[in-house]
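[1] predicted model and sequence follow; I will ask about them next.
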Amino acid sequence: MPATYRIRFRLASPLATPLHSGTLFGNLCWAWRYLYGEKSLAQWLCSLPDEPFLISDGFPADMLPRPLLKPTAPRRLSLEELQQQKQLKKRRLIPRRMFLELRQALSEESLRLRLAQLQKEEEDKRERKTDKEREKEGRESWVRLPHNRIHRITGRTPQEGGLFFTEELWATGLRQYRDVYVQTSLPQDQLKKLFDQVARWGYGKDATWGRGRFDGIEIFPENDGLFDASLPRAMSLSHGSLTANMANARYQLETHYGRLGGVYSANSSPFKFPLLLLKPGATFDTGAGPFGELLHEVHPAMPAVRHNAWHLFVTFREAD
């Protein structure tokens, strides 16, 4: 019987690759390969169609993606209301407690009202906060960093064509904490061991430069009801594929450009085929799962490579 866990950790260095579910799964596969061997990894991958490993994206602590709901009927708005709605539309995440409060009759209108209330509370708190409290809360943002190439023989930068930019997520204070949800039949201690290994090596791009390190990993069995309810609609927490059993789906698409990791990254062709995936927050009718799939044939020369495009989801009831 699979169990659901919340894995919380602290970002100990900047992130050069977003915490997407498929990429997290790929990093865990490499951790498995180095801990238990390639044969053991192949056996685990072969067992997944019968025992899916469902994993979410990484979200700021205690936050969930904003669900895609039926749009509200158009109505006349004042200029102030229009400006407020414009600001609220930018919120791609909602507090976990807000989802739990509203899940029995969730609508775009009820969500907008609660987000407006939350925004006002945050503004009031921000004015009262001391410098020490602001420092403890921290901040996060994607930062664009300039780099230049250095010629291996001359040891100098080229006259032209050497400049390039990368984007990294920098976070401080409490904004460094992230939650990842996993539903699996693996024992909790083995799951912890896999995440520990990824944390030591670094996650994603530029791990050899120290990017993608995290620490303070804690794993909690999820038992507060977030995953226990069985309601008519589901909200995905993952980047996953659209499958036939996801009826009445509302979603936003994102193209995933993946590449091989570990020792395969030195392969003559490390790039996988682009994948069109649904972003977290996609909603659909619940039914017989699993939703999404374990994708095959995602690399032009390595048929054994897989991409985890299953959806880990929570359920809710959408108001009429």
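    Nice, I can see it. Quantities reported herein were computed from a predicted structural model and do not represent experimental measurements.
[2] for the most centrally placed residue in the chain, give me the pLDDT.
    What sits nearest the mean C-alpha location of the chain, by CA atoms, centre = their mean, is Asp57, with 1.9 Å. Looking at Asp57, its pLDDT is 97.
[3] just confirm it is within a helix.
    No: counting by DSSP: H, G, I helix; E, B strand; the rest coil, one finds Asp57 to be strand, located in no helix.
[4] correct me, but it touches Glu254?
    No: between Asp57 and Glu254 there is no contact under CB atoms under 8 Å: 11.0 Å. In short, each C-beta sits where N, CA and C put it, glycine included.
[5] need the residues touching each of these two.
    His239 (CB atoms under 8 Å, 6 or more residues apart in numbering).
[6] who's in contact with stretch 137-152?
    Here stretch 137-152 has contacts from 14, 60, 129, 156-158, 162-176, using CB under 8 Å, 6+ apart.
[7] for that stretch, measure first residue to last.
    Stretch 137-152 has its terminal residues 43 Å apart, counting by CA to CA, to the nearest Å.
[8] that one: which residues count as buried?
    Across stretch 137-152, burial judged by 16 or more other CB atoms under 10 Å covers Glu140.
[9] for stretch 212-224, same thing?
    Buried residues in stretch 212-224 (16+ other CB under 10 Å): Gly212, Arg213, Phe214, Ile217, Ile219, Glu222.
[10] among those residues, name the ones in strands.
    With DSSP state E as the criterion, strands contain Phe214, Ile217, Ile219 from among these.
[11] may I see the ChimeraX selection of the buried members of the contacts of stretch 137-152?
    The ChimeraX selection below is limited to those of the contacts of stretch 137-152 classed as buried (16+ other CB under 10 Å):
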select :14,60,168,169,170,171,175,176
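[12] show me the helices in the stretch 51-200 of the chain, by range?
    79-89, 96-102, 108-128, 131-137, 188-201 (DSSP state H, counting those that start in this stretch).
[13] okay if I get these as CSV plus mean pLDDT?
    Shown next, in CSV, are those (pLDDT from 0 to 100):
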stretch, mean pLDDT
helix 79-89, 83
helix 96-102, 94
helix 108-128, 89
helix 131-137, 88
helix 188-201, 94
